[in-house]
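In: Need the 3D shape of this:
(chains A and B)
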Amino acid sequence: MSVDMTAQQTSPRLATARDYVELLKPRIMMLVVFTALAGLVAAVSLSGQGVNPVLATVAILAVALGSGAAGAINMWYDADIDAVMTRTSTRPIPSGAVPKDEALAMGLIMSGVSVLLMWIAANVLAAGLLALSIVYYGWFYTMVLKRRTAQNIVIGGAAGAFPPVIGWAVVTGTTPLDAWILFAIIFFWTPPHFWALSLVAHKEYKKAGVPMLPVTNGAKATRLQILIYTILLAPIGLSPLVTGLGGIVYGVIGAILTVGFMYHAGKVWRSKAGEPDAGDAERKIAMSMFAFSILYLFGLFAALIIEHGFGLYFPLGGL
Amino acid sequence: MTEQMQAETADAAAIRQAQKRRNAWLAFALVAFVVIVGVSTALRIQQTDFSGGDRLYFSGYMDEAASEKADREAQKRIAERQAAEAAAAAEASDE
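Out: Purely as a prediction, here's the structure:
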């Protein structure tokens, strides 16, 4: 796999505040904050331990900063391949708005600040987990996995799975089984979510030399892997009902979303999405799966927040 | 003044303006950081019982055994103090 290393920043333009916000990958940041909040709210409800609302807010802010820092480091390192791909060529570094060194400095400073804030507001375990997640995404996924293996998304998915565990650790200073169930949900959700997108953008990844699964193993293998991971995800997504982490609200929302996710995965598996002769209809099927996967994760974690944050937790039993 | 010179002046003004905006945001971020650290530290100090062996920042419950030992010692100290106070009170009433 070769990358066009000649791709350089285009002629510089004045950076706006929007460029700096974009450098922090705000969409990923929102999901990270949301899942961390769900972990925090569930921990308060189930452990019975209180947390000062101001300190909890600072802890969530630290998670957001940490996510942004990892995003900035990722954009710094991936500036060469971002410039090659149409989808990412308008990002702040390849578009010439933000110098590479500045993005790196911003990422490193924000990493330190976020871990420090987490330590001050919560505890050393939460701060350590935040530091680990930043290093996992900013270094292990971005610099080690992404350009080397087709399993980049599978292994790298752990980076995005840490926030609910961090949220839990903020409250209790521990990481019990329920926290790791939330971790597992995001971990097994990431491959089908990302591969659905890569079925549409595989030509771009090929052009940039990124070994995404559709590039290395073909569209058919990718569609099968999407189905397998979705089948694996289904029981994990519903496992909070067994441990008592999720109640009736989670059960209802989780069951509907699981059926929907399986339906979309089956549709993608039967389609020709990602094939050279695939048309707009196949592209739509893959993008529908991608969009639904976001709804799935959002729905599950929203159910937890509704149950534990708004007094609607009616357990179905649990361990 | 030529058109090129006018354009360069306008560019320089725009760059200065952008730098000013950036400096203002940096200043805001620094002040926000100081305020957040200050408020968080004050809240942590407020809710920490130092007499019981609590630690302000190393409070991650990473070392459960040490934490429990500190709690036991604190309870022992409280019990001893209460016993001494009770004894002093009993002595005073006897007199």
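In: Can you pull the poorly scored residue ranges out of chain B?
Out: Within chain B, the ranges that satisfy pLDDT under 70 run B:1, B:49-67, B:70.
In: Name the nearest residue to the most centrally placed residue in chain B, ignoring sequence neighbours.
Out: Most central in chain B under Cα atoms, centre = their mean is residue B:41, positioned 1.5 Å from the mean C-alpha point. Nearest residue to residue B:41, sequence neighbours excluded (Cβ to Cβ, 6 or more residues apart in numbering or on different chains): residue A:120, at 6.3 Å. Every residue, glycine included, has its C-beta placed from N, CA and C.
In: got it, and residue A:40?
Out: residue A:167 (3.6 Å).
In: re earlier: so which strand or helix has the residue nearest to residue B:41?
Out: In the assignment (DSSP states H and E), residue A:120 maps to helix A:100-121.
In: Go through that helix and flag the buried ones.
Out: A:100, A:102-104, A:106-108, A:110-111, A:113-121 (16 or more other Cβ atoms under 10 Å in any protein chain shown).
In: And that helix, what does it pack against?
Out: If contacts are counted by 3 or more Cβ pairs under 8 Å, 6 or more residues apart in numbering or on different chains; DSSP states H and E, helix A:100-121 sits against helix A:17-23, helix A:53-77, helix A:124-135, helix A:152-172, helix B:3-46.
In: Go through these and pick out the most buried.
Out: Of all the helices and strands packed on helix A:100-121, helix A:152-172 carries the top mean neighbour count, a mean of 25, counting by mean count of other Cβ atoms under 10 Å in any protein chain shown.
In: packing partners for it?
Out: By 3+ Cβ pairs under 8 Å, 6+ apart, helix A:152-172 packs against helix A:26-47, helix A:53-77, helix A:100-121, helix A:124-135, helix A:177-208.
In: Show me what the last one packs onto, helices and strands only.
Out: The contact analysis (3+ Cβ pairs under 8 Å, 6+ apart) places helix A:177-208 against helix A:26-47, helix A:79-84, helix A:152-172, helix A:213-216, helix A:218-238, helix A:240-243, helix A:248-270, helix A:280-309.
In: same thing with the first one?
Out: Counting contacts by 3+ Cβ pairs under 8 Å, 6+ apart, helix A:26-47 packs against helix A:53-77, helix A:152-172, helix A:177-208, helix A:280-309.
In: Include distance to residue A:267 and mean pLDDT when you put those helices into JSON lines, please.
Out: Converted to JSON lines, the helices and strands packed on helix A:26-47 look like this (distance: least, Cβ to Cβ, whole Å; pLDDT from 0 to 100):
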{"stretch": "helix A:53-77", "distance to residue A:267": "31", "mean pLDDT": "96"}
{"stretch": "helix A:152-172", "distance to residue A:267": "21", "mean pLDDT": "94"}
{"stretch": "helix A:177-208", "distance to residue A:267": "11", "mean pLDDT": "94"}
{"stretch": "helix A:280-309", "distance to residue A:267": "6", "mean pLDDT": "96"}
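In: Quick one: those as CSV, columns for distance to residue A:217 too.
Out: Listed next are those as CSV, based on distance: least, Cβ to Cβ, whole Å:
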stretch, distance to residue A:217
helix A:53-77, 24
helix A:152-172, 12
helix A:177-208, 10
helix A:280-309, 16
